[in-house]
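Visitor: Predicted model, plus sequence, below.
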Amino acid sequence: MELGLGVRIRIGGGRRLRFGAEFRNFDYYYTNYYNNNNNWYFMSNTYKKQHKQQHWRSSSNSSSHVDKVKDSRQHSSSVSALSSTSTGIQDHIPIPIPPIADQAEESMQAEDKHAIRIRRRPPTGPPVHYVGPFQFRLHTPDHANPRNILEQILWDKDSQLTLMKERQPLAVLQRLLPGAPPVRDFVQALKDSYHTTGMPALIAELKKASPSKGLLRPNFDPVSIAQAYQKNGAACLSVLTDEKYFQGSFENLHAIRSAGIKCPLLCKEFIIDAWQIYYARSKGADAILLIAAVLPDVDIKYMIKICNMLGLAALVEVHDELEMDRVLAIDGVNLIGINNRNLETFEVDIFNTKRLLEGGRGRIITQRDILVVGESGLFTPEDITFVQNSGVQAVLVGESLIKQEDLGKAIAGLFGKEISVRT
Ligand SMILES: O=P(O)(O)OC[C@@H](O)[C@@H](O)c1c[nH]c2ccccc12
C-alpha cells in the first residue's frame, strides 16, 4: 500500500483507489469526482456535504499531475455532462461556457509554455481543516508555502472567495445585476481626457495601504478623496477592494459609486475567478483588472468575454515582455496596463514602460489602437513626460497622490500644472 499526499492509495494487486478533485478554472463549474479502479464516479452534493469535500489542485510536480491531465481528457465528456446538473447551475443563466477539461489542460500547457510562475492555490492540497476521507497529511513540503507576496495574496483570496461565494452564489449575484448602476465607458473617458489635456489621462488610485509601503493615508474617507480627485482632473478612479493587504473594500467602491462620482471606476482586485467580475459589477464597477502574471491565457480570454457581456472594460496588466506578448496574442484586448512594479519583489522601475513599448510591440499596439496605461512609481512631472514619450495615453497613480493631504495640489504637482478642465 502506497500513500501519496493523501491523494492516492495503491492496494495490493495493482488495484488503485484514487481520490481526485479536478481543478476547473471556475469553481462554480467545478466537478469533483473520484476514480475507483478506472471507473469514474461523480460525487453528489450529498456526498460532498458528508465529506466536506474541498476542491483543490493536487501537487503539480509529481506524476499524479500527469495522470490527472490524462484522466481529465479521457473523461471530459462525461464529467462535463454531469457537472451542469449536479452543481445546481441552471441552464438559463447566460454565461459563456467556461474552459472545460481539454481547455484546462491546454491552459496548464500554456502555463508551462509561458512560464507563469504564480500558483493560484497551494499545490499540496487542502490545509489542516480538511476532513475528507483521507484526513491525514504525511508531510508539508517546503513548496507548500507561498513563494512571494503575490502568491500569499492569491492564496488568501482563494479562501476568502470560497466564503463569499457560499454567502452569495453566482445565481443570486446575477439577479442583482439589473439593479446595479449603469456602466460608464472607462476607455472613452481616458481617451477624451487625453485628447483634451494633451497629457496622459489620470487614473487616480484610492489605496489606503499597501504590502510594500504599509499605511499610506491614515484618515481615509473614500468619498471625499474621490470627490477631490474628480474635481482636480482625474479621468477615472481606481479603487482597491482587497481588505487584508490594501485595507480597501467593496463598500468603498459602492459608496463612491453611490455618491454620484462621475469618473468611471476601476475595481482594483486580484481576480482569479469569474464570480469576482459579477461581484465588482454589482458594486458599481465600470472596469476590472486582469493580471497576466496570475491568469493563464484561457482565463484572460474567458474573463474578457464576461466583461464584454457586462459592458465592463478590462485593464489587462503586464509586467514583462513575455506577458506583453501573451496579451498581444489575445483577441479583444483594448486596454493594457504596464506595471512598473514587480508584484513578486516590489521593485519599481519606470523604465519598464519604455522597454515594453519599444520596437514591434509598440507598433502592434498603435496599429490596433490599444490604449496603454503606465502604472506605478510615478512621482514627478518628469516621470509623466517620460512615460508619455514612451507611448502611454494614461497613467495609474496611487502612492504619490494619496500620501499628500491636499489632493488637488498633489495632482497639479505630479503633472507640473493643473489638469482639471471640468467646470
Ligand atoms: O502607488 P503607485 O506606485 O502609484 O501604484 C499604483 C498602482 O499602479 C498599483 O497600486 C498597482 C498596480 N497593479 C496593481 C495590482 C494590485 C494592486 C495594486 C496595483
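Guide: All right, it came through fine.

Visitor: Name the residues of this protein found near the ligand, please.
Guide: Neighbours of the ligand within the chain, by C-beta under 6 Å from any ligand atom: 205, 207, 268, 317, 339, 375-378, 396-400. To be clear about C-beta, it is placed using only N, CA and C from the backbone, and glycine gets the same treatment.

Visitor: Got a ChimeraX select line for the buried ones in the residues you listed?
Guide: Listed next is the ChimeraX selection for buried residues among these, using 16 or more other C-beta atoms under 10 Å:
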select :205,207,268,317,339,375,376,377,378,396,397,398,399,400
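
Visitor: among the residues of the chain next to the ligand, which are in strands?
Guide: 205, 268, 317, 339, 375, 396-397 (DSSP state E).

Visitor: pLDDT for these - can I get that in JSON lines?
Guide: Putting those into JSON lines (pLDDT from 0 to 100) gives the following:
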{"residue": "Glu205", "pLDDT": "98"}
{"residue": "Lys268", "pLDDT": "98"}
{"residue": "Glu317", "pLDDT": "98"}
{"residue": "Asn339", "pLDDT": "98"}
{"residue": "Glu375", "pLDDT": "98"}
{"residue": "Leu396", "pLDDT": "98"}
{"residue": "Val397", "pLDDT": "98"}
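
Visitor: Farthest-apart pair in these, please.
Guide: Glu317 and Val397 (14.7 Å; C-beta to C-beta).

Visitor: ok, back up a step: would you point out the most distant pair within the residues of the chain next to the ligand?
Guide: Based on C-beta to C-beta, the longest span within the residues of the chain next to the ligand runs between Glu317 and Ser400 and measures 18.8 Å.

Visitor: for stretch 353-371, which positions count as buried?
Guide: Under the neighbour-count criterion of 16+ other C-beta under 10 Å, stretch 353-371 has 353-354, 356-357, 361, 365, 370-371 buried.

Visitor: from the residues you listed, which is closest to the ligand?
Guide: Thr353 (11.2 Å; C-beta to the nearest ligand atom).

Visitor: Surely that closest one is within a strand?
Guide: No. Thr353 is assigned helix when assessed by DSSP: H, G, I helix; E, B strand; the rest coil, not a strand.

Visitor: when you give positions from now on, start the count at 15
Guide: Noted, 15 is the first residue going forward, which turns the last one into Thr367.

Visitor: Can you name the residue of the stretch 315-437 of the chain nearest the ligand?
Guide: With C-beta to the nearest ligand atom, the shortest gap between the stretch 315-437 of the chain and the ligand falls at Gly412, namely 2.7 Å.

Visitor: That residue reaches Ser390, doesn't it?
Guide: Yes. Counting by C-beta atoms under 8 Å, Ser390 is a contact partner of Gly412 at 7.4 Å.

Visitor: ok, Ser252 touching Leu220?
Guide: Yes. Counting by C-beta under 8 Å, Ser252 touches Leu220, with 6.9 Å between them.

Visitor: Which of the two has more residues huddled nearby?
Guide: Between Ser252 and Leu220, counted using other C-beta atoms under 10 Å, the more crowded position is Leu220 (28 against 25).

Visitor: show me the residues around the more buried one that make contact.
Guide: Neighbour list for Leu220: 234, 236, 239-240, 243, 251-254, 262, 266, 270, 416 [criterion: C-beta atoms under 8 Å, 6 or more residues apart in numbering].

Visitor: In helices only, show me those.
Guide: Members of the contacts of Leu220 lying in helices (criterion: DSSP state H): 236, 239-240, 243, 266, 270, 416.

Visitor: wait, which of those is closest to the ligand?
Guide: So of those, ranked by how close each gets to the ligand (C-beta to the nearest ligand atom), first place is Ile416, at 7.4 Å.

Visitor: and the closest one, what pLDDT?
Guide: Looking at Ile416, its pLDDT is 98.

Visitor: Would you mind measuring from it to Tyr259?
Guide: 15 Å (C-beta to C-beta, to the nearest Å).
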